[in-house]
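Novice: Pasting the sequence and the predicted coordinates here, then a few questions.
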Amino acid sequence: MDAKDILGLPKTPLPITQEKKSRPQKDSQRKPDGISREVYALTGGLAPLMPSNDVSQLKRRPPSDEKITWQWLPFTSSARKDNLQLYHWVRVVNGVPPTGDYSFAKYNKSVDVIRYTNEEYDKYLTDPTWTKEETDQLFDLCERFDLRFIIIADRFPTFRTVEELKDRYYNVSRTILTARAPSPGEVAGHPLVKEPYNVSQETERKRALSMVLSQTKHQERKDAEVLAEAKRITESRMAARGAEEPDLPVTSDIGPESAERAISHGDTISPSNVQLPSAAVAPSTSIMADNASTLASLRMLRVYLRTYALEQMVQAASSSAGLRTIKRVEQTLQDLGVNLKPKVPTKAVCAEHLELRKEILTLLNLQKQLQYKEAEGSSFRDGSYGDMPDTPKRSHRAADQDRTFVPDTISFGAERVGKREQKRKGPGRVSETPSSPAHKRPRKLKASDL
C-alpha cells in the first residue's frame, strides 16, 4: 500500500501537461578582440573610465614598404653640461636614424637661484649669525641640489637646522629682489616677497606634528573624548545663547506705551484712546507666542536663508490679523513704494522691514478703533433723547430756557390721553371688566350620603 492507495488515486494517472515558461533570451555579448577573458569579466562589458587605444591599433602591422630595425646608437643630452656621450637602442625606419635632442631632456628643470655680489652682501646682507663663506656655501648647495633642503642640511659643513637654512636663503633672496627693484611695488607680487618664510611658525608646526605622530592609542582615544565633550559643551552654549539673545528681530506687542506714542501728537485724549490698549493686548500675546515658536523652529534648522526667516516672521506677526488686514498692509507698502520682499535682505534691512509692517498694522488697528468709536458716539448723540416722547429735548440756547413747556396732551387731544390710560392699565393693575365666575370642584361622595 502506498500513498496513492491511501488517497484513492489511480495507479496510472493521466499525464498533466505543464506549459513551460519561455525565458527571455539574454543578449550574448561577444568578448572583443585584444582583451583577455579575465579582464572582460571584471569590467562586465562596461566602457572604460579612461580613453583607451582602439583594438584595431593594437595588432596593426606596419606597411610593407617600411623596414624597421633597432640599432645601438650614441646620443647626447642638452641637460648635461659636460657633453657626455651615452648609448641606447633606437628605432630606425628604412635605415634613417632619428635626429634631434634627447627625448627626456625636456624633463630636466632647474631652479633659478638668485646670486649676489660682494658689494650687495656688504651693503644689505650682513648678519652676525652668518658669515659670508657660510652664505656662499649655502647658495652653492641650493643651486646644486635644487632647493632640496634635507640634502642641503646633510651636506652643509657646519651644523644648521633645516629651518635656519631656509630662513637664511629666503631672507637673502627677498632682500636682493627688493634692493634691485626700482620701486617696491614692482616686486610686491613676487612669491618670495608676497609670502615670506616664517621660521617660528614652521618650527611650531613641526613640533606639533611630531607630538601627534608620537601619540599612543590611549592618548588618541582620550583626545577624541575631550574633543567630543568640547563639541557638546559648545553646542549647548550656542543653544542657550540663542534662547536668551535671538539673532532675529521680534515684533513687539501693542501695549500702553505704543498707544501713548500714537496719541502723543494729539491735543486731547478721548475715551476711545484710553480703551484702545485693552482691545489690543489680546492679539499681542498671540503674536509673542507665534514669534517665540517661529524663532525656536528657526534655531532647530541651524542654517537657513534670511529671506526664509523673514517670511516666517511676517507670517507670525500677521497670524492674528485677518486676510483683509494683510492685504491692506501689502497695499500700504506698495503705496509707499516699498517692496513686499527686500531686494537686499541683510539683517538691518529685515529688521526695518518687520518694524515697518508692525507700524502699519498698528496704524490700521488705530484707524479701526477710531471708526468704531466715532460711530458709537454719533449713534449716542442722535438717539439718546429721541426715543422718549414725554421728555423734552434740552437745548443750551438762552431763548429755549425761558420757553414754557407745553404738554403733548394739549396739542394732540384725546389721542394722548387714551395712550396714557392704556399705559396705566398694565398687566398688574385691576381691570374694570367683570371677571368670570369661579367654578368649584365637585365634592366627593361619602358613605353617609348614600
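Specialist: Sure thing, it's come through. Numbers count the residues shown, from 1 in each chain.
Novice: So residue 72 belongs to a strand, correct?
Specialist: Yes - counting by DSSP: H, G, I helix; E, B strand; the rest coil, residue 72 is located in a strand.
Novice: so who does it touch?
Specialist: 87, 88, 89, 90 (C-beta atoms under 8 Å, 6 or more residues apart in numbering). Placement of C-beta: from N, CA and C, glycine included.
Novice: Could you report the separation of it from residue 104?
Specialist: 18 Å (C-beta to C-beta, to the nearest Å).
Novice: How about residue 382?
Specialist: 111 Å.
Novice: Point out where this protein drops to low pLDDT.
Specialist: Low-confidence segments of the chain (pLDDT under 70): 1, 12-29, 34, 44-60, 62, 244-304, 383-450.
Novice: where exactly do the strands run in it?
Specialist: 68-76, 85-93 (DSSP state E).
Novice: Go through these and name the closest to residue 311.
Specialist: Closest approach to residue 311 among those (C-beta to C-beta): strand 85-93, 72.8 Å.
Novice: I'd say residue 179 and residue 124 touch.
Specialist: Yes - using C-beta atoms under 8 Å, residue 179 makes contact with residue 124 at a distance of 5.3 Å.
Novice: rewinding a little: between the strands of the chain, which gets nearest to residue 357?
Specialist: Of all these, strand 85-93 comes closest under C-beta to C-beta, at 82.5 Å.
Novice: In that closest one, which residues are buried?
Specialist: For strand 85-93, the buried set under the neighbour-count rule, 16 or more other C-beta atoms under 10 Å, is empty.
Novice: How about the contacts made by the residue lying closest to residue 334 once chain neighbours are set aside?
Specialist: Of all residues beyond its chain neighbours, the one nearest residue 334 is residue 340 (7.6 Å), with distances taken as C-beta to C-beta, 6 or more residues apart in numbering. The contact partners of residue 340, taken as C-beta under 8 Å, 6+ apart, are 330, 333, 334.
Novice: OK, contacts around the first one?
Specialist: Each residue near residue 330 by C-beta under 8 Å, 6+ apart is listed here: residue 340.
Novice: Quick check: it vs residue 343, distance?
Specialist: With C-beta to C-beta as the criterion, residue 330 and residue 343 are 16 Å apart.
Novice: repeat for the last one
Specialist: Computed with C-beta to C-beta, the distance linking residue 334 and residue 343 is 15 Å.
Novice: who has more neighbours, the two?
Specialist: Per other C-beta atoms under 10 Å, whichever of residue 334 and residue 343 has more neighbours is residue 334, with 11 against 6.
Novice: if I look at that one, how far off is residue 359?
Specialist: 16 Å.
Novice: ditto for residue 220
Specialist: 59 Å.
Novice: Between these two, which has more neighbouring residues?
Specialist: Neighbour count, other C-beta under 10 Å: between residue 220 and residue 359, residue 359 has more, with 14 against 11.
Novice: what sits against that one?
Specialist: With C-beta under 8 Å, 6+ apart, residue 359 has no contacts at all.
Novice: again with the one 5 residues further on
Specialist: Contacts of residue 364 were listed using C-beta under 8 Å, 6+ apart, and they are 325, 328, 329, 332.
Novice: Any idea how many residues pack against the first one?
Specialist: Residue crowding around residue 325 was assessed by other C-beta under 10 Å; the count is 16.
Novice: Residue numbering should commence at 102 henceforth.
Specialist: Renumbered: residue one is now 102, and that last one reads residue 426.
Novice: quick one: the nearest residue to it once chain neighbours are set aside from residue 244, how far?
Specialist: Excluding the flanking residues, the one nearest residue 426 by C-beta to C-beta, 6+ apart is residue 465, at 6.0 Å. Distance, residue 465 to residue 244, using C-beta to C-beta: 82 Å.
Novice: and if you look at residue 106?
Specialist: 107 Å.
Novice: the more surrounded of these two?
Specialist: Counted by other C-beta under 10 Å, residue 106 and residue 244 do not tie: residue 244 has more neighbours, with 15 against 9.
Novice: from memory that one sits against residue 212, does it?
Specialist: Yes - with contacts counted by C-beta under 8 Å, residue 244 reaches residue 212, the gap being 7.4 Å.
Novice: For burial, what's the neighbour tally of the closest residue to residue 240 other than its chain neighbours?
Specialist: Setting aside the residues directly before and after it, residue 240 is nearest to residue 214 in space (C-beta to C-beta, 6+ apart), at 6.1 Å. By other C-beta under 10 Å, 15 other residues sit near residue 214.
Novice: got it, and residue 269?
Specialist: Neighbours of residue 269 (other C-beta under 10 Å): 21.
Novice: now the helices: where do they sit in the stretch 402-551 of the chain?
Specialist: Here the stretch 402-551 of the chain has its helices, by DSSP state H, counting those that start in this stretch, at 407-418, 424-436, 448-484, 499-502, 509-513, 515-525.
Novice: And the ones you listed: which comes nearest residue 276?
Specialist: Set against residue 276 and scored by C-beta to C-beta, the helices of the stretch 402-551 of the chain come closest in helix 448-484, at 47.3 Å.
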